[in-house]
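In: Pasted the sequence and its predicted model underneath.
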Number of protein chains: 2
Amino acid sequence: METTYRSIFKWGDKREEKLEKGVVELIKEQFDYIDADFDKKVLYGDREVRLEQKSKIPAAIRQQFENIAGSENVRWDDYSRATHAFGKFYGDLLNLRKGEIATPPDLVISPRTEKEIEQILHLCQQENIAITPVGSLSSVTRGVETPRGGISLDLTAWFNKVLEVNEVNTSVRVQPGVYGPALEKHLNDRGYTCGHFPQSFEYSTVGGWVAARGAGQASTGYGKIEDLVLALRVVTPAGIIETKDFPATAEAWDLNKIFIGSEGTLGVITSVTLKIRKYRPENTAFASFVFKDFTSATQSMRKIMQAGFGFPHLFRLSDPVETATAFKIKGFDNSLSDRFLKMKGYRPGERCLMFVSIEGDKEYTHLVKKKIKKTARKSGAFYSGEKPVKEWLKQRYESAYLRDPLMDVGIMTDTVETSVTWDNLLNLWTNVRRYLESREKTHVMAHISHVYENGANLYFTFLSPMKPDEEVEDYLQYHKGLIDAIHANGGSLSHHHGIGRALAPWMEKEMGKTAMRLLQAIKDNLDPKGIMNPGNTLGLR
Amino acid sequence: METTYRSIFKWGDKREEKLEKGVVELIKEQFDYIDADFDKKVLYGDREVRLEQKSKIPAAIRQQFENIAGSENVRWDDYSRATHAFGKFYGDLLNLRKGEIATPPDLVISPRTEKEIEQILHLCQQENIAITPVGSLSSVTRGVETPRGGISLDLTAWFNKVLEVNEVNTSVRVQPGVYGPALEKHLNDRGYTCGHFPQSFEYSTVGGWVAARGAGQASTGYGKIEDLVLALRVVTPAGIIETKDFPATAEAWDLNKIFIGSEGTLGVITSVTLKIRKYRPENTAFASFVFKDFTSATQSMRKIMQAGFGFPHLFRLSDPVETATAFKIKGFDNSLSDRFLKMKGYRPGERCLMFVSIEGDKEYTHLVKKKIKKTARKSGAFYSGEKPVKEWLKQRYESAYLRDPLMDVGIMTDTVETSVTWDNLLNLWTNVRRYLESREKTHVMAHISHVYENGANLYFTFLSPMKPDEEVEDYLQYHKGLIDAIHANGGSLSHHHGIGRALAPWMEKEMGKTAMRLLQAIKDNLDPKGIMNPGNTLGLR
């Protein structure tokens, strides 16, 4: 088995191995790269993992954990600890590339039963050992690190089962460590879909979706994870809380909503009941449009969401730079179609690409598509057919795997996202773009991918050459300015990535002191010793 | 001004004054009443209000409240205190009819500004005075009483404004004391609707909708109040918490959901931002159906909700007894249509009436109606046209006003509601019905009126002669058995009435000890002295 640092930060997907031609061209053009630059192996991280710090948990206590979970489920070798030291925050990846792991967990434990989780939490409380529940560690906001060491509680080894599909209630009960593809296949085989397809789908788990309050690519139709969760069971240091799968209630306030977004700070989710929907891909309607500019495109999006004829499921809009980038990478520039579009007034650098898909009943998807076409055309859009959406869907998860090959050639790349009301969307887009572009040699793209009646998200992607030898500081400073710009312009700290430790410093400014004291009181009640994912996650003690 | 007890428990609506002919016939038939029984004036409550207990708040402190809110906004006369002693729980109405007001508030204060509310809470904390924020006191679960006396904080006098309609975001920001009709008119005049029409609509306020986690008659399409609230501002004893109107976020857990359903136990809501939708009554599609039995009707409802062609807004299904009762009261029995239906196999005592309306875009409402018709017919339903729904909508709020005229002639009548998953709905309906019918001379009706992909509510109405001289004890015992039956059969304690003090005794059984400790910790953080609506609301200290 390969046990280099590189083997950790790579997702392990073969799609990560090379940069496609269009991306290479873009980098050359934008950053004055020459061919030789693509042979660089910047911070390649191909050393064997060796941790200086040995596991701090004494053998006698480790033995107690082994007695609980079985010795084969308790690991403290360097490589196991290193693999559980970081999520996928850009700064984490840099640290791994440099072989710098300051605070790895002391033990990685894979519990087999809920009883074992209770016993592990009990022992952690007693010995004041920190514990962080993790799925596949895909957090991009530093949500799964172990600053106090302690235990990384792996839920993917044993808590990875689909427990029950209830076809009458259209719900599924699953364990938290089940991966997206396994859940979706289980459901598809029975004629259902989970409807939740985050960018990390192939390498993330249901527990992570819930803990970080995520959203999938079809969230405009299916909802965010908080709209999909019917019930939860959570083992907290203070005891077990289980909610029921009522379709709705008026039993005081909604406790599900306290655990959704809790990022492991309150307890360990041991089961999740989700809504499911009928899987009928043969009924899905697809549409793509080119708009003359971002303003008319966002107005059209808003009108579609507020029209009262149903929502699309997938609903994406790329801003002019992202649109131009996609056209360039896909070799569309100067094609016959491109020349036709230009002639019609859809000019590069202004035009925007929109993708739509609608799922459900056949007549319904047909009607919604017709209505969307009509609405888009009223705003001057050109209908560009179904094919671009279908092509995009085929590689829908791949852009996440671009990060590592770009870093290999010294390109910093990251994504940050926010949500905003319609009346502030263009303002936020303009000002955050301006901030991002204030850095020299920086390629900035943005899109909208989760749309609501009352506003939408904005998702920014940037590429820029790293500053050699100051990669981390440079990034952190740029990132700080970015979050400051989002916050100052009235965007939320996150729409679906979560807060983790990366955005924690903004939490009090965003929520207010009274709200932060309330969050802390909730944590203190469920986790009185402060052992659950401690060290500033969500801005909590 | 009339200052009798009677003037308090009556809603004050003229529609309360008499029983229509059909209802009189029903009572005669079911309870062996004769004409003379309808001249009774049972517990008529027409005495002048006189409270034995004088206001317990010393004049010096009262003076401080007057200094804050203005002397004209601080009342302590018997009648003002009596009007704020109870909500609309059936037992409350009995107490008022008997002239028994054990724990009236000591003061009724109508604050003019948020600053005044902060000062009032500060003084209450300092002097350990209980305070209960109220709108129009329509709680049917003992949510607005003042068991410790103290202050009833009236928000209808000054906090009754629509602050801003945002047509870009499609949202409205309102003060908590605005009544349903005032809000709806304000919105209709601008081409929008609030989409929230609880049975109490004409005599309830936005703050109450939020505090009690209510639902409106069109909730199947528009959602419950928790689906409509975008942002809140709440003055708590610990400080002000304000959430933002982001369309969605991943900023830790959702604090709106802590205040929605908090029933005045955490603070005073001072502003609410709600989603609004376009008001296009001309597009609304209506449909009614008669099904052969409740089983096929509920299956059809479920199929409609899970079909993926959009949801109706109003979606109601009466069970066989409620259907028969409506047919009788409306004089439909033995009509030509009735005979036709019987001939076709839609038999009285088995057949069920379903009402549907769909709002929004014209082509959309047309499609959804067509789809619903097709689905219903597959389950053997007879399409009975638009008229029954339109007729029902004309008197949609009136059944609430039947309670007092029935009590006047010695009939106990109450409604209790629950929510349940589809796979348990018929079981719960059967067993709770059986319990209710175990009482002699009891007329039991039920309907479904809030429908989801994963289940629905059940709403039970019962009528039964009071037991003279033991009206309260008799009712409370029957009510206790009813909630026990709902709980034992897996229904939620409430779908939309809330918990109050009436259902508080079941909270720990329902939620579990760990969850109740968490609720209490949240309360303790925001309301450390326990002054906000104290005395077991939601089962809290």
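Out: Now that the structure is in, tell me what you want to look at.
In: Buried residues, whichever strand or helix holds A:His122. List them.
Out: Using DSSP states H and E, A:His122 sits in helix A:114-127. Neighbour-count burial for helix A:114-127 flags A:Glu114, A:Glu116, A:Ile117, A:Glu118, A:Gln119, A:Ile120, A:Leu121, A:Leu123, A:Cys124, A:Gln125 (criterion: 16 or more other CB atoms under 10 Å in any protein chain shown). C-beta here means a position set from N, CA and C on the backbone, and glycine is covered the same way.
In: helices or strands up against it?
Out: With contacts taken as 3 or more CB pairs under 8 Å, 6 or more residues apart in numbering or on different chains; DSSP states H and E, helix A:114-127 sits against helix A:59-69, strand A:131-134, strand A:151-154, strand A:229-236, strand A:268-275.
In: Quick one: the ones you listed as JSON lines, columns for mean pLDDT and mean neighbour count too.
Out: Formatted as JSON lines, those follow (pLDDT from 0 to 100; neighbours: other CB atoms under 10 Å in any protein chain shown):
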{"stretch": "helix A:59-69", "mean pLDDT": "98", "mean neighbour count": "16"}
{"stretch": "strand A:131-134", "mean pLDDT": "98", "mean neighbour count": "28"}
{"stretch": "strand A:151-154", "mean pLDDT": "98", "mean neighbour count": "26"}
{"stretch": "strand A:229-236", "mean pLDDT": "98", "mean neighbour count": "23"}
{"stretch": "strand A:268-275", "mean pLDDT": "98", "mean neighbour count": "24"}
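In: Give me the contact list for the helix holding A:His122.
Out: A:61, A:64-65, A:68-69, A:109, A:111, A:129-131, A:150-151, A:153, A:233, A:235-237, A:240, A:267-268, A:270, A:529, A:531 (CB atoms under 8 Å, 6 or more residues apart in numbering or on different chains).
In: what is the orientation angle of that helix with helix A:59-69?
Out: Orientation check (axes from the mean of the first three to the mean of the last three CA atoms, to 10 degrees): helix A:114-127 against helix A:59-69 gives 160 degrees.
In: Next, the angle from helix A:114-127 to strand A:229-236.
Out: Using the same axes, to 10 degrees: helix A:114-127 against strand A:229-236 is 50 degrees.
In: What is the distance between helix A:114-127 and the centre of its chain?
Out: Its chain's C-alpha centre and that of helix A:114-127 lie 29 Å apart, by CA atoms, centre = their mean, to the nearest Å.
In: do the same with stretch A:418-438
Out: 20 Å.
In: which of the contacts of helix A:114-127 come close to chain B?
Out: Contacts with chain B within those, counted by CB under 8 Å from any CB of the partner chain: A:Thr236, A:Ile240.
In: The stretch 301-450 of chain A against chain B: which residues are in contact?
Out: By the rule CB under 8 Å from any CB, the part of the stretch 301-450 of chain A lying against chain B is A:302, A:306-310, A:359-361, A:363-364, A:367, A:371, A:419-423, A:450.
In: So what's the residue count around the residue lying closest to A:Gln520 once chain neighbours are set aside?
Out: Excluding its sequence neighbours, the residue lying closest to A:Gln520 (CB to CB, 6 or more residues apart in numbering or on different chains) is A:Leu540, at 5.7 Å. Residues contacting A:Leu540 under the criterion other CB atoms under 10 Å in any protein chain shown number 25.
In: Which residues lie in contact with A:Leu540 in this structure?
Out: Shown in contact with A:Leu540 (CB under 8 Å, 6+ apart): A:Thr265, A:Leu519, A:Gln520, A:Lys523, A:Pro534.
In: Now with 7 Å, please.
Out: Each residue near A:Leu540 by CB atoms under 7 Å, 6 or more residues apart in numbering or on different chains is listed here: A:Thr265, A:Leu519, A:Gln520, A:Lys523.
In: Got the confidence number for it?
Out: pLDDT for A:Leu540: 97.
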